[in-house]
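Visitor: Following is a predicted model, sequence given first.
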Amino acid sequence: MTILPILEIGHPVLRQRAREVTPEELASPEFQRFVDDLIATMRAAGGAGLAANQVGDTRRVAVIEVTQPHLRYPYKPPIPLTVIINPVLTAIGDETFAINEGCLSVPDLRGDVDRAVSVRVRWTDRDGVEHDEPRHGLTAGTFQHEVDHLDGIMFLDRVTDTTTLTTWSQFDEHRREAFVARAQALVARMGS
Ligand code: ZN
C-alpha cells in the first residue's frame with residue numbers, strides 16, 4: 001500500500017466532478033489497489049473520510065471510517081470502514097443541523113455547515129454489491145462531506161456564517177465545548 005499525497009484547496013482536481021466507475025474498472029486489480037491506498041492514506045492522515053479527488057484521482061470513490069479514540073474528531077460516533085463507489089445521496093426530510101467541519105484538504109480551518117440530519121445513500125461497494133441505506137446525525141454529515149468532494153464541492157462553499165470559521169486551536173479554545181454539547185444531543189436523539 002502507498003500513502004498518497006493529499007491535495008490542498010486551490011488544486012483544480014478538487015473542483016472536478018469525479019466520474020462514475022465502471023463494473024470492469026471496479027473489478028480490476030489496479031482499482032482495488034487504489035482503494036487500499038485511499039484507506040491507508042485516510043488512516044495515516046487521521047481523517048474520517050477521503051475522496052479520490054483529494055489525492056488527484058477523478059474516479060467516483062471515497063472511503064469513510066471513524067474509530068475511537070479519534071484524534072481529529074473525538075466526538076464522532078464510530079463508523080465502520082465504508083468504501084462508497086458511485087454514491088448518490090439525497091436528503092430525507094427538511095431538518096438540518098450545523099455541524100462544525102474540517103477537511104484534510106483545507107489545513108487548519110474549521111467552520112459550521114448546515115447538513116441534512118438524515119440522508120439516503122445509494123452506492124456500490126468494492127465487491128460490486130449495491131447498497132441503499134439511510135445515515136443519520138453526525139454520520140450523515142460525514143457522508144455528505146465526502147459525496148460533496150466527488151461533486152467538486154468543498155465544505156467552505158457551504159459555510160454561510162463565516163464568523164464560525166476558526167483555526168483548529170481557536171476552535172478548541174472558544175467553540176469546542178458548545179459544539180460538542182450540541183453534537184452529543186444530536187447523537188443521543190439520532191443514534192449516530
Ligand atoms: Zn474533506
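Guide: Nice, thanks for sending it over.
Visitor: So the spatially most central residue of the chain, which state does it fall into?
Guide: With distances taken as Cα atoms, centre = their mean, the residue of the chain nearest its centroid is residue 146 (3.4 Å). Put simply, residue 146 is helix when judged by DSSP: H, G, I helix; E, B strand; the rest coil.
Visitor: Would you confirm that it contacts residue 64?
Guide: Yes. With contact defined as Cβ atoms under 8 Å, residue 146 reaches residue 64; the gap is 5.8 Å. Where you see a C-beta, it was placed from the backbone N, CA and C, and this is true even at glycine.
Visitor: and for those two, which residues touch both?
Guide: 49, 84 (Cβ atoms under 8 Å, 6 or more residues apart in numbering).
Visitor: List the single closest residue to residue 161 in space, sequence neighbours excluded.
Guide: Nearest non-adjacent residue to residue 161, counting by Cβ to Cβ, 6 or more residues apart in numbering: residue 112, 6.1 Å away.
Visitor: who are the neighbours in contact with the residue nearest to the centre of the chain?
Guide: Listed by Cβ under 8 Å, 6+ apart, the contact partners of residue 146 are 49-51, 62, 64, 84, 87.
Visitor: Identify the farthest-apart pair in these.
Guide: 50 and 87 (13.6 Å; Cβ to Cβ).
Visitor: Tell me which of these two has more neighbours.
Guide: Comparing residue 50 with residue 87 by other Cβ atoms under 10 Å, the one with more neighbours is residue 50, at 29 against 21.
Visitor: Show me what the longest helix belonging to the chain is packed up against.
Guide: Ranked by residue count, the top helix of the chain under DSSP state H comes out as helix 29-45. Applying 3 or more Cβ pairs under 8 Å, 6 or more residues apart in numbering; DSSP states H and E, one finds that helix 29-45 contacts strand 49-51, strand 61-66, strand 79-91.
Visitor: most packed of those strands?
Guide: Sort the helices and strands packed on helix 29-45 by mean neighbour count, taking mean count of other Cβ atoms under 10 Å, and strand 49-51 sits at the top with a mean of 27.
Visitor: now for that one, which elements pack on it?
Guide: Packed next to strand 49-51, using 3+ Cβ pairs under 8 Å, 6+ apart, are helix 29-45, strand 61-66, helix 137-150.
Visitor: show me the contacts for residue 158.
Guide: Contacts of residue 158 by Cβ under 8 Å, 6+ apart are 113-114, 148.
Visitor: For the chain, which residues score under the pLDDT cut-off?
Guide: Judged against pLDDT under 70, the chain has no low-scoring part.
Visitor: ok, back up a step: who touches both of residue 50 and residue 87?
Guide: 62, 146.
Visitor: Sort out which residues of the helix or strand where residue 186 lies are buried, please.
Guide: For residue 186, the enclosing helix or strand under DSSP states H and E is helix 176-190. Buried residues in helix 176-190, counted by 16 or more other Cβ atoms under 10 Å: 176, 179, 183, 186-187, 190.
Visitor: name the helices or strands packed onto it?
Guide: Applying 3+ Cβ pairs under 8 Å, 6+ apart, we find helix 176-190 packed against strand 96-103, helix 137-150.
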